[in-house]
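> sequence and predicted structure, then a few things I'm wondering about:
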Number of protein chains: 2
Amino acid sequence: MKVATAPGLKHVEITSDFWQRYRELVVKEVLPYQWAVMNDQADIKIADDPQNGGQDTNSHAIENLKIAAGQSKGHHYGFPFQDTDVYKWLEAAAYSFSYHADSDLKKITDSLVDLIGDAQESDGYLSTYFQIDAPERKFKRLQQSHELYTMGHYIEAGIAYYEQTGNDKALQIAIRMADCIDASFGLTSGKIPGYDGHPEIEMALSRLYEVTHEQRYLDLAHYFLTQRGQDPAFFDKQNAEDGEERDIIAHMREFPRSYYQAAEPIKDQQLADGHAVRVVYLCTGMAYVARFIGDQELLDACERFWNDIVKRRMYVTGNIGSTTTGESFTYDYDLPNDTMYGETCASVGMAFFARQMLALKAKGAYADVLEKELFNGAISGMSLDGKHFFYVNPLEADPQASAKNPGKAHVLTHRADWFGCACCPANLARLITSVDQYLYTVQDQQILSHQFIANKASFDHNVTLTQTNNFPWDGDIHYSIENPDRYPFKLGIRIPNWSANFELTINGQKTEKTVQDGFIYLEIEEATTSIDLALDMSTKFLRSNNRVSADYGKVAVQRGPIVYAAEAADNDAPLWLNKIETTKQPTYQFEPDLLNGVGTVTLTADRPLLDPTEAPLYTLLEQSSTDQKTAVKLIPYYAWANRADGQMMVWLHQKN
Amino acid sequence: MKVATAPGLKHVEITSDFWQRYRELVVKEVLPYQWAVMNDQADIKIADDPQNGGQDTNSHAIENLKIAAGQSKGHHYGFPFQDTDVYKWLEAAAYSFSYHADSDLKKITDSLVDLIGDAQESDGYLSTYFQIDAPERKFKRLQQSHELYTMGHYIEAGIAYYEQTGNDKALQIAIRMADCIDASFGLTSGKIPGYDGHPEIEMALSRLYEVTHEQRYLDLAHYFLTQRGQDPAFFDKQNAEDGEERDIIAHMREFPRSYYQAAEPIKDQQLADGHAVRVVYLCTGMAYVARFIGDQELLDACERFWNDIVKRRMYVTGNIGSTTTGESFTYDYDLPNDTMYGETCASVGMAFFARQMLALKAKGAYADVLEKELFNGAISGMSLDGKHFFYVNPLEADPQASAKNPGKAHVLTHRADWFGCACCPANLARLITSVDQYLYTVQDQQILSHQFIANKASFDHNVTLTQTNNFPWDGDIHYSIENPDRYPFKLGIRIPNWSANFELTINGQKTEKTVQDGFIYLEIEEATTSIDLALDMSTKFLRSNNRVSADYGKVAVQRGPIVYAAEAADNDAPLWLNKIETTKQPTYQFEPDLLNGVGTVTLTADRPLLDPTEAPLYTLLEQSSTDQKTAVKLIPYYAWANRADGQMMVWLHQKN
């Protein structure tokens, strides 16, 4: 077979029960709920972000835009990046139109685009905080201002809205913003030789380049990446000029330069240090730009950061960020489960990064991480009712510890209505409504089908690919390919890292295929092809690399892509008393009435009697009660904290 | 035998090698070193106290007194309680004269008393911070001012100096201070119906009552205890009047009332909540006052707090305080080893509390805790060279974690030269130089010998008691009692909780005795009595109550009173890889050339190979290397961090 250029992807319809439920939930609950919150019309309690101090019960995000647009009076309220709540919501809504037309919502979003347009200044600038309350400080304190971050989020939203609805105004607002930034930043005289304290604009500009093919935007994104850290004192100098003490966000000056990935040029940065979301947004931008420009230093940095995060700094659920201080990475193999951060946005950002890496290279490991985020670390950020959210996603939690040990005060054991810093809810919403964009990567030579989210995809040359399955609960994956024009192409199907064993049947014939860097490749040229892939859905005990002190002597449980957790709702507390018998086979059961339908795992464990409170605090080892046999029931990690408040543990003591 | 009133204690000479070394170290190194520091004549680096922000390299403590005395000009420098560094040092020096006459030092201390007298105001008030820089705010912000805390420390020092040297001026300064406080505080009109944010004055006044027999001082101490928390808003009201934002110590307003044990009256406080040092100082005062006044509510509170601390909130080394936030207790059984506080001062204060509880009741458990502090949690606060100090005493430490995980930044892995908030070094020094006062408790009916620190003690009625041993390394305790007048008395000898088995030989006759609440009792009436007590010095594996999640599945090692620790100086890192075989008998060896002579313990452990850095972060459990047998060498906890910087662990994984 002569393999031609792979047919381009036209449309993906998600048919997966699991994801359809989430996507409908966003339409029915999440979007209306978040819209009400942003309009200060929801009756909610806002959880304080421990990083940034308390907020009251209003979001004020729409009101800020109205004030900037001259439609209302007052001061800006909230964080300087409050506008991004609106933009991420708009982006999520835009994607939702791809599978759920909604004329009422469309009226709202069209009006919102008009409002944003009205709020935008004539030169393209838009950041309501500065427009309303600090016009003289525009672009003058980039360490803290989030101006490019904010406009970057709009650019992404505007493109999405334009692409989904054809609303050109939405795109023009984005273009004017990019032009404003392009006019203001760079190394030529009169421009600011800087960049934003929070990376984001780099991916937004890359996306704008993809839509407009305007080279300036790509060059500007590239500039932001290569300039970063060239003058490590850039932010300090700006702060000094702006007035050292005049912080926009309290205490932000106190973080080290590495918090902003600005301590040295990216090409010299060896470790994924600093604020986790900043790191993965930066990495996404790097991979995006590098794909178009082919900058080897950027490509190397992508690989280096990827490896450091995935091989040494990522929780088994895909969460990242080991400390609440600065919501940051700490050091290699430092993965405490109960004091960690694991911000929802960081998992969403990691999914972005993985998607861009896949576009660079057909490597299953990237798709493994993408899947890990989609089924674990990211979706754990939202409750099953779509109205409560986690900012922090711990792997071990105890309501008493969160209430009474200040070092764990940032760890909520139930999802909050909303946050003062509300970056996470809408970020997750836009990932869910756009998840159809994460299933295929079409490269020159091949279509990669790297996610087992049931769907029907149409490609150029009349190719359709229908994937049916009951994933993540079952591992029987069926593909039905219609190719009436017999257009020859190569199809890569991912073999997940959790399924070393698999069975492949093509048109009824059992077939052997060698796995190449996480994929098997088939050459498709018949009019119809039927593929059955049976993945290994046995329940597995995992251990950490033993450089991770927090997990030593403990096991985690995974089945397919789903990482499991023990919860007090199903098991006697304290959960830590259970010592799992890893020589006993776990049992698996799908429970349709539990937590919207989940597969549960039951383990066998030894467990001593709980010592009485009047027992001595320390005793001779031999004075221990005899262990009892007990069963420990696990639920998927993403579904925890949807019942009564209680303890939760992912890593369980192993009986050794 | 008719048992008479027990003969009063006259003098104790410490002969223990272990403690003589420490006591001479204080004389030769600690006192001169600290004196130089307080006079800003030492070349030191001051470690920042993470609670209170940075300080520079000067103490300024003596200079503050000189300024207040009119002998120098300038502003106060340091914390409002900076004076207490001087007072605790003076108290430590005073006690040292009981075993080491030193005329050069005496000249210094006499002059220091003169300086303090010159700094004192005519009404008895002395707090250099307020005298120099805020005279209008005296007693007006007691939540933060530490004025009574500061004067309380002087009162203790002045009494000690008077008792050891006969210097009456030292006592008169103390009396004037107490009179000043008595004139200012109370419930009668014109007085302040309050108390200090940091308990201390209660024990100082009790001590002054003991010396002067002046009932007013005891009543005043009692007032401070019963008034505490009666108006939970007292501090808030004072702050509002003083000017809400005018904090003397930044952020102190933000702590809850329970931080100050002022949320409710002591009789209603059920838990040992708040700042650990405040709690144990308060408890010491309560027990002290209750002994003279017999207030049942105070006695009950003493028992309640004791039980909560010792049964549910104390580390195996005697350290207390589970969080760095406010240097505080958290909740029952919350004893994390790597993020804990365990302040040296809190262990010193716990020794005070135990001593007072022993004076109330002949209960071995009090003496067990006293011994635990003396041989572990307290003395770990000082390096073997006497010139470096721990503020925080962790049970698990890793230099990389301390450097790179902000949640552990407060945990030093090597002792510091000095601290901005330098409460600990001199507090430990005064405990060491007065340790002779901690060996006996003479009650109406009996002499209790509750510590196995070799000594020669003289009592009234010509009774002398000579205890010889090589404790804590050997458990053969010999008593030789001379009682030429054949004065009949009862002698209680403690049987430690770590020695369920013991052998008693009296005058060469093996004797059986029943242990009564931790003591065996002998009736002494012969002219000479020889007692040999053989304690169980086998090495023991301990476990925690399994309500302590941090220690579950782990063991600690204790031999005699000494708790052991593994250190990277003796063992391959990472230390956490070792799984201790608790069925194998540990071996014990005294090593005279190691760490000034310590007994070491060697355990048998299984240990996997360290996973390579390029290995996956998570793998199937079965993909583990075969364990190797290894030996793990332990040193006494108090002696850790006297060699190269490295990991340390007290609680070790148990092979189960």
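Okay, I see it.
> what distance do you get for A:Gln509 to B:Ala362?
Using CB to CB, to the nearest Å, we find A:Gln509 at a distance of 88 Å from B:Ala362. Glycine gets a C-beta too; all of them are placed from N, C-alpha and C.
> any regions of the stretch 1-150 of chain A where pLDDT drops low?
Scanning the stretch 1-150 of chain A for pLDDT under 70 picks out the ranges A:1-3, A:47-57.
> one more pass at 50, please.
Low-confidence segments of the stretch 1-150 of chain A, defined by pLDDT under 50: A:49-55.
> burial measure for the residue of the stretch 551-656 of chain A found nearest chain B, as a count.
The nearest approach of the stretch 551-656 of chain A to chain B comes at A:Leu621, 4.0 Å away (CB to the nearest CB). Applying other CB atoms under 10 Å in any protein chain shown, we find 16 residues neighbouring A:Leu621.
> tell me which residues touch it, please.
Residues near A:Leu621 by CB atoms under 8 Å, 6 or more residues apart in numbering or on different chains: B:Lys540, B:Phe541, B:Leu542, B:Arg543, B:Val555, B:Thr582, B:Gln654.
> swap in A:Thr466?
By CB under 8 Å, 6+ apart, the neighbours of A:Thr466 are A:Asn455, A:Lys456, A:Ala457, A:Tyr479, A:Ser480, A:Ile481, A:Glu482.
> likewise for A:Leu208?
A:Ile155, A:Ile159, A:Ala174, A:Ile175, A:Ala178, A:Glu214, A:Tyr217.
> any idea how far A:Asp123 is from the nearest residue to it once chain neighbours are set aside?
Leaving aside its sequence neighbours, A:Leu208 sits nearest to A:Tyr217 (CB to CB, 6 or more residues apart in numbering or on different chains; 4.7 Å). With distances taken as CB to CB, A:Tyr217 is found 17 Å from A:Asp123.
> thinking again about what came up before, out of the contacts of A:Leu208, which is nearest to chain B?
Using CB to the nearest CB, the contacts of A:Leu208 come closest to chain B at A:Ile155, 33.5 Å.
> doesn't A:Arg176 make contact with that closest one?
No: taking CB atoms under 8 Å as the definition, A:Ile155 is not a contact partner of A:Arg176, at 10.1 Å.
> mind checking which of these two has more residues around it?
A:Ile155 (29 against 20).
> hmm, which helix or strand of chain A has the shakiest average pLDDT?
strand A:46-47 (a mean of 70; mean pLDDT, DSSP states H and E).
> what's the helix or strand following that strand in contact with?
Past strand A:46-47, further along toward the C-terminus, the next helix or strand under DSSP states H and E is helix A:61-68. Contacts with helix A:61-68, where a contact means CB under 8 Å, 6+ apart, come from A:38-40, A:72-78, A:82-83, A:85-86, A:115-116, A:119, A:126, A:128-129, A:131-132.
> what parts of the stretch 251-400 of chain A come near chain B?
Counting by CB under 8 Å from any CB of the partner chain, the stretch 251-400 of chain A comes close to chain B at A:310-312, A:314, A:316, A:322-326, A:328, A:330-332, A:334, A:336, A:339, A:398, A:400.
> would you list the buried entries among these?
A:310-312, A:314, A:316, A:322-326, A:328, A:330-332, A:334, A:336, A:339, A:398, A:400 (16 or more other CB atoms under 10 Å in any protein chain shown).
> which of the residues you listed fall in helices?
A:Val310, A:Lys311, A:Arg312, A:Gln400 (DSSP state H).
> in CSV: those, plus pLDDT.
Formatted as CSV, those follow (pLDDT from 0 to 100):
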residue, pLDDT
A:Val310, 98
A:Lys311, 97
A:Arg312, 98
A:Gln400, 97
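> need the mean per-residue confidence for stretch A:264-284.
Taken as a whole, stretch A:264-284 has an average pLDDT of 98.
> give me the buried positions along that stretch.
In stretch A:264-284, counting by 16+ other CB under 10 Å, buried: A:265-267, A:269, A:271-284.
> repeat for stretch A:165-178
Using 16+ other CB under 10 Å as the test for burial, stretch A:165-178 gives A:Thr165, A:Asn167, A:Ala170, A:Leu171, A:Gln172, A:Ile173, A:Ala174, A:Ile175, A:Arg176, A:Met177, A:Ala178.
> quick one: the strands in the stretch 451-600 of chain A?
Here the stretch 451-600 of chain A has its strands, by DSSP state E, counting those that start in this stretch, at A:455-459, A:464-468, A:476-482, A:489-494, A:502-506, A:509-511, A:519-524, A:528-535, A:539-544, A:554-559, A:562-567, A:579-580, A:587-591, A:598-607.
> please identify the most buried of these.
The highest mean neighbour count among those, using mean count of other CB atoms under 10 Å in any protein chain shown, belongs to strand A:562-567: a mean of 26.
> which strands and helices sit next to that one?
Counting contacts by 3 or more CB pairs under 8 Å, 6 or more residues apart in numbering or on different chains; DSSP states H and E, strand A:562-567 is packed against strand A:554-559, strand A:628-636, strand A:648-649.
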